[in-house]
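J.: Here you go, sequence then predicted model.
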Amino acid sequence: MAQVVRTTNELIVNSLYMIGELGVGETPDAFMLTTGLDLINEILDKCSADSIYIPYLLTLSFTMEVGKATYSVSDMILGADIDADRIVDLSLANYVVNGVGTTSLSYPIRIINKATYYGVVRQDGLLARPGFVFLDKQESESFLTYYPAPDQPYPASVQVKCMLNSLDNQDTLGELPPNYYGFLKYALGRKFLAYYPSANWPQTNEDEYQDYYNTLKNTNETDLTLRPSVILTAPEPFYWPNILSY
């Protein structure tokens, strides 16, 4: 079965179908699309205020700087090292070492939490190939900290779970988890009621919306605890210096 590519406009249309303001095969007018987009972004703002973070997957690529261990990630702070949405969680991280000719090697970086990083003895100022990374999430920006600090300008990438802050016309929602798409559809249909009082919104729709809302509000999407048993003293094969912590 082919994958269905969902967009913000399709989300608006599906919400209008649900409340009976559009029939099958009918085309939404410009007011419906513009208003729907405004309402979607109002919903996202309300979710953020209620600590409901709608995640989507994104791969960030950048080049490390020699001796620089921490990199800021934000699209709100001017001058951030990486221009992207704030990060909720890390999925994977790696860096590339270029070899001879077209040969290159990609090395994984172990994801740890802040407690693991700050809770052990480590050598400050160490320059080597990075073996660990942790995420520090702040209100308006996120920070990626690598250990050790890179000894070369390695090309790096991280697959992350980002917070969905806003949407534009025809933005693709393919990376949005299905349960969040359903929540947005019902939440948008509920918002449309203020513009279309004659819309069809039975109690079953309201119950479904409340179920989505309560489920997502109780979901801890910002839990960053990853492998707490990992210690920074574990030697990595081939290149990791065997640093002992006592």
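T.: Received it, and whenever you're ready, just let me know what you need.
J.: helices or strands next to the longest strand along the chain in the packing?
T.: Ranked by residue count, the top strand of the chain under DSSP state E comes out as strand 87-98. For strand 87-98, the packing partners by 3 or more C-beta pairs under 8 Å, 6 or more residues apart in numbering; DSSP states H and E come out as strand 55-63, strand 104-108, strand 110-112, strand 132-137, strand 155-163. The C-beta positions use only the backbone N, C-alpha and C, and glycine is treated the same way.
J.: thought Arg129 was touching Tyr154?
T.: Yes. Here Arg129 reaches Tyr154: they are 7.5 Å apart, a contact under C-beta atoms under 8 Å.
J.: what's the overlap in contacts for these two?
T.: Contact criterion C-beta atoms under 8 Å, 6 or more residues apart in numbering; residues bridging Arg129 and Tyr154 by contacting each: 95, 97.
J.: Which pLDDT value belongs to the residue nearest in space to the middle of the chain?
T.: Nearest residue to the geometric centre of the chain (C-alpha atoms, centre = their mean): Cys162, 1.3 Å. Note on Cys162: pLDDT of 81.
J.: show me what contacts the closest residue to Pro177 other than its chain neighbours?
T.: Once flanking residues are discounted, Pro177 sits nearest to Pro55: 7.1 Å by C-beta to C-beta, 6 or more residues apart in numbering. The contact partners of Pro55, by C-beta under 8 Å, 6+ apart, come to 88-89, 161-164, 177, 180, 221.
J.: who's Pro55 bridged to?
T.: The residues listed as beta-bridge partners of Pro55 by DSSP bridges are Met163.
J.: before we move on, back to that, okay but the residue nearest to the centre of the chain is in contact with Tyr56, surely?
T.: Yes. Counting by C-beta under 8 Å, Cys162 does reach Tyr56; the two are 5.8 Å apart.
J.: Quick check: the two most widely separated of the contacts of Pro55?
T.: Asp89 and Tyr180 (14.6 Å; C-beta to C-beta).
J.: Kindly report the domain assignment for the chain.
T.: Using automatic domain parsing, the domain parsing of the chain gives 8-53+168-201, 55-163.
J.: Output those in CSV; the columns should cover distance to Tyr212.
T.: Shown next, in CSV, are the domains of the chain (distance: least, C-beta to C-beta, whole Å):
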stretch, distance to Tyr212
domain 8-53+168-201, 4
domain 55-163, 15
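J.: Kindly export stretch 104-120 (C-alpha atoms) in PDB.
T.: Coordinates of each C-alpha in stretch 104-120 appear next as PDB, following Å, rounded to 0.1, in the frame of the first residue of the first chain:
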ATOM      1  CA  SER A 104      34.900   7.600   4.700                       C
ATOM      2  CA  LEU A 105      33.900   6.000   8.000                       C
ATOM      3  CA  SER A 106      30.800   6.900  10.000                       C
ATOM      4  CA  TYR A 107      31.200   6.500  13.800                       C
ATOM      5  CA  PRO A 108      28.300   6.300  16.200                       C
ATOM      6  CA  ILE A 109      28.100   8.600  19.300                       C
ATOM      7  CA  ARG A 110      26.600   7.200  22.400                       C
ATOM      8  CA  ILE A 111      23.600   9.200  23.800                       C
ATOM      9  CA  ILE A 112      23.700   9.800  27.500                       C
ATOM     10  CA  ASN A 113      21.800  12.100  29.900                       C
ATOM     11  CA  LYS A 114      23.100  15.100  31.900                       C
ATOM     12  CA  ALA A 115      23.300  13.100  35.200                       C
ATOM     13  CA  THR A 116      25.600  10.600  33.600                       C
ATOM     14  CA  TYR A 117      27.800  13.300  32.200                       C
ATOM     15  CA  TYR A 118      28.100  15.400  35.400                       C
ATOM     16  CA  GLY A 119      28.000  12.400  37.800                       C
ATOM     17  CA  VAL A 120      31.400  11.000  36.900                       C
END
